[in-house]
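Predicted model and sequence follow; I will ask about them next.
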Amino acid sequence: MSFALIALGSNQGQPLKQLAQAQRHIARRIGRIVKASSVYQTAAWGLEDQPDFLNQVLLVETPYPPLFVLKTALEIERQMGRRRIHKWGPRIIDLDLILFDQVKLDHPNLTLPHPHMAERAFVLIPASEVAPNWRHPLTQKSLRELLKHCPDSLSVRKLAL
């Protein structure tokens with residue numbers, strides 16, 4: 001078995017319900033959810049003129065290899081209505097494979113660890129909540145350490161659910 005960190009995000013439709021629906025799909029098709037972070041309301045990153053996102057990170061135990069996890073995550077996005085129109089644009093659901101064990105992968109469809117994770121507070125805050133001591137395979141810094149040095153200053157606020 002392997003462990004993966006999967007980041008979830010949504011800012012269209014009913015984001016909270018979509019995060020829950022995505023979790024159910026992930027549990028059914030990718031693996032057991034060991035821990036789910038709190039849900040965070042975050043300012044849009046990249047293309048900022050859009051509604052805030054709800055974001056969350058899941059720690060998932062999976063028997064599958066990284067490329068299968070990616071393929072399945074993309075299928076879940078499509079089944080939930082995701083249409084890729086604008087890079088960093090609004091979306092019903094976004095599923096990103098952030099880390100997979102200590103795998104380093106540079107494949108045309110997948111780079112691990114996620115190449116921008118250390119620059120994004122909306123990923124590092126919930127990731128640090130579920131796996132604070134997980135070490136980045138390239139820098140060997142823990143997620144908690146990466147968060148301390150994250151340059152992202154966009155708003156990330158934990159929702160009280």
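Okay, I see it.

count of neighbours near the closest residue to L105 other than its chain neighbours?
Nearest non-adjacent residue to L105, counting by Cβ to Cβ, 6 or more residues apart in numbering: L112, 4.1 Å away. (Each C-beta comes from the backbone N, C-alpha and C, glycine too.) For L112, the neighbour count with other Cβ atoms under 10 Å is 23.

For L112, grab phi and psi.
Backbone geometry at L112, expressed as degrees, to the nearest 10, gives phi -130, psi 140.

Touching, it and D96? I think so.
No - using Cβ atoms under 8 Å as the test, L112 is too far from D96 to be in contact (10.8 Å).

if we can go back for a sec, ok, the residue nearest to L105 - contacts?
For L112, the contacting residues are P66, L97, L99, F100, V103, K104, L105, P137, by Cβ atoms under 8 Å, 6 or more residues apart in numbering.

Kindly state the beta-bridge partners for the residue nearest to the spatial centre of the chain.
Note on the chain: the residue nearest the mean C-alpha position is A7, at 1.0 Å, using Cα atoms, centre = their mean. Following DSSP bridges, A7 is listed with bridge partners V57, D96.

helix/strand/coil for the residue of the chain most remote from its centre?
What lies farthest from the middle of the chain is D49; by Cα atoms, centre = their mean that is 20.9 Å. At D49 the chain is in coil, as set by DSSP: H, G, I helix; E, B strand; the rest coil.

For it, give its distance to K148.
For D49, the distance to K148 equals 30 Å [Cβ to Cβ, to the nearest Å].

list the buried ones in stretch 121-131?
A121, F122, V123, L124, I125, P126, A127, S128, E129, V130, A131 (16 or more other Cβ atoms under 10 Å).

The first one contacts V156, doesn't it?
Yes - the pair A121 / V156 is scored as a contact, 4.9 Å apart, by Cβ under 8 Å.

picking that back up, give the contact list for the residue farthest from the centre of the chain.
So D49 contacts nothing (Cβ under 8 Å, 6+ apart).

any idea how far P137 is from it?
34 Å.

How about M80?
29 Å.

cool, A131 as well?
Taken as Cβ to Cβ, the span from A131 to P137 is 13 Å.

any shared contact partners between those two?
By Cβ under 8 Å, 6+ apart, no residue touches both A131 and P137.

was I right about K104 contacting T139?
No - if you go by Cβ under 8 Å, K104 and T139 don't touch, sitting 11.3 Å apart.
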